[in-house]
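*Asks:* here is a sequence together with a model predicted from it:
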2 protein chains.
Amino acid sequence: MAEKLYPYLQLLHFTKTVFEKIGCTASDAELAAKVLLSADLRGIDSHGVARLSGYVRLWEVNRVNAKPNIRIIHESPSTAVIDGDGGLGLVVAPFAMQVAIDKAKTAGTGWVSVQNSNHFGIAGYHAMMALQHDMIGWAMTNASPLVAPTFSVERLLGTNPICVAVPAGQEPAFVADLATTTAANGKLEILQRKNQEAPSGWVQDKMGGPSVNPHELKSGGALLPLGGDREHGSHKGYALGAIVDIFSAVLSGANYGPWVPPFPAYVPMPEEQPGKGIGHFFGAMRIDAFRPADDFKFNMDKWITRFRAAKTIEGQERVLIPGDPEREMEERRIRSGIPLLKVVEDDIEFLAEKFGVAL
Amino acid sequence: MAEKLYPYLQLLHFTKTVFEKIGCTASDAELAAKVLLSADLRGIDSHGVARLSGYVRLWEVNRVNAKPNIRIIHESPSTAVIDGDGGLGLVVAPFAMQVAIDKAKTAGTGWVSVQNSNHFGIAGYHAMMALQHDMIGWAMTNASPLVAPTFSVERLLGTNPICVAVPAGQEPAFVADLATTTAANGKLEILQRKNQEAPSGWVQDKMGGPSVNPHELKSGGALLPLGGDREHGSHKGYALGAIVDIFSAVLSGANYGPWVPPFPAYVPMPEEQPGKGIGHFFGAMRIDAFRPADDFKFNMDKWITRFRAAKTIEGQERVLIPGDPEREMEERRIRSGIPLLKVVEDDIEFLAEKFGVAL
């Protein structure tokens, strides 16, 4: 049976309409839909339209403010802190990234830490905003605690992604977008549906012992930092996740560590809240604040060409440049459409009915 | 037999004198010795006095300029590019980090990319310079190619470390200093001396196959990016190492990828050189460009205290904060002295004789 593919513009229009129904302005709804759908286009299906009902449920329990007053609350020539006013991270994040870009235009670089926000979709969308300005873009966010630090049984960190987007010349941009865990939670969900075991080093059980059970998080287990265990460098993944948490939340005044608000609306909020909402961190670096953009791009093309031409291990087709798989997926899906799992189809049909919106 | 311990000040004075003998000014020699010895104090023995003879050999083949004219060649309010003039990275790096700190004083943050340098010791020394100014410090460097990108048999990246140092209040600073490989090369050298196998995921053989042979690099093998293999996230370690390479060298005009000059003086220079010397990248972020330093430190202490108190896996003593082991080692060694391996003792005795310097 052929897989059903949804045209991008159909899903975009539907998503925009749902965001309007929860009270977003037309322009915010359009932006939020575009950011959310960029995940589906780039093949990061766990962060796209599959999460739309999750955002709606957060709005239903008053954890999302559909009409936020997003504003700068502190700044210097190259920095700012932004209060997202409890808005959708899908809207707060592009606002903050634009402030970073504007700062970079005059100061050479711009760095923005954000408090009082919500989940912002994929980091890649925001970091890539810098590319058209001949800037390097950074985006990071903290997230609900699912990850145990090395040697611990407690979940104290989110999957805390880092994205760095670097412009090139003739070559496509270098876009590294990575969770600081061995594997993202979305990969576990795929294994659950297929009823397959997880590779070693992805999760631990509630006692902190090794596990290959993809359902481990439901019984008190945890995701593992990149590296998996101490012998394979998990203390480095833990440190990277911690850096993301500190830059996104301790620097901005958001919640951090175990106090980050959960994404599922049915999970109660932590009793203690040392800050406001969840936190993000963005950066923009003007290339010609370092060297002429043309020189940089010439050398960036040379870097990319050399790595792409690297001799492969027998049986491997090619050496990838960070961003290659997502870009190729985007080219394919914008042309052919986006496949949705049955469970996601059910989810958006439910939303269509709930809000009386045509799918 | 009790291990012989060398007093810190004895090794510092000796190292300083050797740097003077190769032509460094008294103040450069003192700084270089202090930076180099900070590795021994912090327990990163591979990067300390064990490398002194390596620096001398680079000077002998005219790959190190003992009297460099280190200068800013490009700048904006928050950025600079520095030409290290072929000097010791041990001297170039603190100069560059100071420029980053000075930029941060006025612009909020400072970001400095460096070309035409050499190995700079441990990243931690430079990043930690920011702490006394109530700033977050960053330090990264590229290095001789020993690491294969995911799916490749070629060595195209160095162990490319990232250090981020974050000030706290009552608690000691958070200092994450990590090579972007599963294990640093120094750890392999320890296994070689002990005649022990390496854990899986540290190295691959020359065909790109899995290996536990700690001597693999001598027969065409490679170190592996953090993660080890694709299933365990090596594409993330590869991306992180690539980011360090791009920020340190493509942004500054240094050599990158396979063209980074080798540390051993007997290894010929790459025939092609797209840039100058090796590259570093530094950053300084003034805390109060984001929020009042006292607020930040209060929350940073809370972050550290919570993670330190995390429930441990049975059999594990405690959950560590990045920087704990190195700080504790430093406290011990500054008091009791620094142990040196026989091969390192031989090495510095050779230098003592060569230059007529008392050890």
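*Replies:* Perfect, thanks for sending it.

*Asks:* show me the contact partners of the lowest-mean-pLDDT helix or strand in chain A.
*Replies:* Sorting the helices and strands of chain A by mean pLDDT, DSSP states H and E puts helix A:185-194 at the bottom, at a mean of 84. With contacts defined as C-beta atoms under 8 Å, 6 or more residues apart in numbering or on different chains, helix A:185-194 is touched by A:44-47, A:146, A:159, A:197-198, A:202-203, A:214-215, A:217, A:223, A:341. For the C-beta atoms, the positions are set from N, CA and C on the backbone; glycine is no exception.

*Asks:* ok, now which ones touch the closest residue to residue A:290 other than its chain neighbours?
*Replies:* Nearest non-adjacent residue to residue A:290, counting by C-beta to C-beta, 6 or more residues apart in numbering or on different chains: residue B:251, 4.8 Å away. Contacts for residue B:251 (C-beta under 8 Å, 6+ apart) come out as A:287, A:290, A:291, A:296, B:81, B:113, B:279, B:281.

*Asks:* now, the most widely separated pair of the residues you listed?
*Replies:* A:287 and B:279 (15.2 Å; C-beta to C-beta).

*Asks:* residues contacting residue A:326?
*Replies:* Per C-beta under 8 Å, 6+ apart, neighbours of residue A:326: A:42, A:43, A:44, A:124, A:175, A:177.

*Asks:* go again with 6 Å.
*Replies:* A:42, A:43 (C-beta atoms under 6 Å, 6 or more residues apart in numbering or on different chains).

*Asks:* same deal with the one 4 residues further on?
*Replies:* By C-beta under 6 Å, 6+ apart, residue A:330 lies in contact with A:41, A:42.

*Asks:* and residue A:243, by the same measure?
*Replies:* residue B:164 are the contacts of residue A:243 under C-beta under 6 Å, 6+ apart.

*Asks:* you'd agree it is in a strand?
*Replies:* No: going by DSSP: H, G, I helix; E, B strand; the rest coil, the assignment for residue A:243 is helix, not a strand.

*Asks:* distance of it from residue A:180?
*Replies:* According to C-beta to C-beta, to the nearest Å, residue A:243 stands 8 Å off from residue A:180.

*Asks:* residue A:35: which of the contacts of helix A:185-194 is nearest?
*Replies:* Distances from residue A:35 to the contacts of helix A:185-194, taken by C-beta to C-beta, are shortest for residue A:47, at 9.8 Å.

*Asks:* hang on, the closest one packs against residue A:40?
*Replies:* No: counting by C-beta atoms under 6 Å, residue A:47 does not reach residue A:40; the two are 8.4 Å apart.

*Asks:* compare the two (neighbour count), which wins?
*Replies:* residue A:40 (28 against 23; other C-beta atoms under 10 Å in any protein chain shown).

*Asks:* so where does that one fall, helix or strand?
*Replies:* helix A:26-41 (DSSP states H and E).

*Asks:* the contacts of helix A:185-194 in strands, which ones?
*Replies:* A:203, A:223 (DSSP state E).

*Asks:* give me the buried entries from the contacts of helix A:185-194.
*Replies:* A:44, A:45, A:46, A:47, A:146, A:159, A:198, A:202, A:203, A:214, A:217, A:223 (16 or more other C-beta atoms under 10 Å in any protein chain shown).

*Asks:* which one among these gets closest to chain B?
*Replies:* residue A:202 (8.1 Å; C-beta to the nearest C-beta).

*Asks:* now the closest one: how far from residue A:178?
*Replies:* For residue A:202, the distance to residue A:178 equals 15 Å [C-beta to C-beta].

*Asks:* same check on residue A:240?
*Replies:* 9 Å.

*Asks:* also residue A:56?
*Replies:* For residue A:56 relative to residue A:178 (C-beta to C-beta), the value is 28 Å.

*Asks:* cool, and residue A:280?
*Replies:* When distance is defined by C-beta to C-beta, residue A:280 is 16 Å away from residue A:178.

*Asks:* okay, these two: which has more neighbours?
*Replies:* residue A:280 (32 against 26).

*Asks:* verify the stated contact: the more buried one with residue A:112.
*Replies:* No: in this structure, residue A:280 is not within contact of residue A:112 by C-beta under 6 Å, at 8.2 Å.

*Asks:* before we move on, the earlier item: looking at residue A:287 and residue B:279, which is more packed in?
*Replies:* Neighbour count, other C-beta under 10 Å: between residue A:287 and residue B:279, residue B:279 has more, with 32 against 23.

*Asks:* which residues sit against stretch A:283-292?
*Replies:* Here stretch A:283-292 has contacts from A:100-101, A:104, A:108-111, A:130, A:134-138, A:293, A:296, B:76, B:79, B:81, B:113, B:251, B:253, using C-beta under 6 Å, 6+ apart.

*Asks:* what pLDDT, on average, does the helix holding residue A:40 get?
*Replies:* Averaged over helix A:26-41, pLDDT sits at 98.

*Asks:* which secondary structure elements does that helix sit against?
*Replies:* helix A:8-21, helix A:89-107 (3 or more C-beta pairs under 6 Å, 6 or more residues apart in numbering or on different chains; DSSP states H and E).

*Asks:* now do the SS call for the closest residue to residue A:85 other than its chain neighbours.
*Replies:* Distances taken as C-beta to C-beta, 6+ apart place residue A:68 nearest to residue A:85, at 3.7 Å, with adjacent residues excluded. Of the three states, residue A:68 takes coil according to three-state DSSP.

*Asks:* verify the stated contact: residue A:68 with residue A:90.
*Replies:* No: checked against C-beta under 6 Å, the pair residue A:68 and residue A:90 is beyond contact range at 11.3 Å.

*Asks:* ok, the two, which is more surrounded?
*Replies:* Neighbours per residue (other C-beta under 10 Å) separate residue A:68 from residue A:90, with residue A:90 holding more: 29 against 21.

*Asks:* do you know how far that one is from residue A:254?
*Replies:* 16 Å.

*Asks:* residue A:175: which element?
*Replies:* strand A:174-178.

*Asks:* does chain B have contacts with that strand?
*Replies:* Yes: on the criterion C-beta under 6 Å from any C-beta of the partner chain, strand A:174-178 is in touch with chain B at A:176, A:178.

*Asks:* and that strand, which strands flank it?
*Replies:* Paired strands of strand A:174-178, with direction, are strand A:162-166 (antiparallel) (DSSP bridges).

*Asks:* which outside residues touch the strand it pairs with?
*Replies:* A:123-124, A:127-128, A:131, A:136-140, A:173-178, B:243, B:246.

*Asks:* rewinding a little: out of the contacts of residue B:251, which sit inside strands?
*Replies:* Reading strands off the contacts of residue B:251 with DSSP E, I get B:81, B:113, B:279, B:281.

*Asks:* and the stretch 101-250 of chain A, which of its residues are near chain B?
*Replies:* For the stretch 101-250 of chain A, the residues in contact with chain B (C-beta under 6 Å from any C-beta) are A:107-109, A:111, A:113, A:149, A:151-154, A:156, A:164, A:166, A:176, A:178, A:182, A:199, A:201, A:208, A:226, A:228, A:231-233, A:236, A:239, A:243, A:246, A:250.

*Asks:* which one is the residue nearest the centre of chain A nearest to, not counting chain neighbours?
*Replies:* The residue lying closest to the centre of chain A (C-alpha atoms, centre = their mean) is residue A:122, at 2.9 Å. Closest residue in space to residue A:122, ignoring its immediate chain neighbours: residue A:39 at 4.6 Å, by C-beta to C-beta, 6+ apart.

*Asks:* what's near enough to touch the one you found?
*Replies:* A:47, A:48, A:121, A:122.

*Asks:* so it versus residue B:37, what's the distance?
*Replies:* Applying C-beta to C-beta to residue A:39 and residue B:37 gives a distance of 49 Å.
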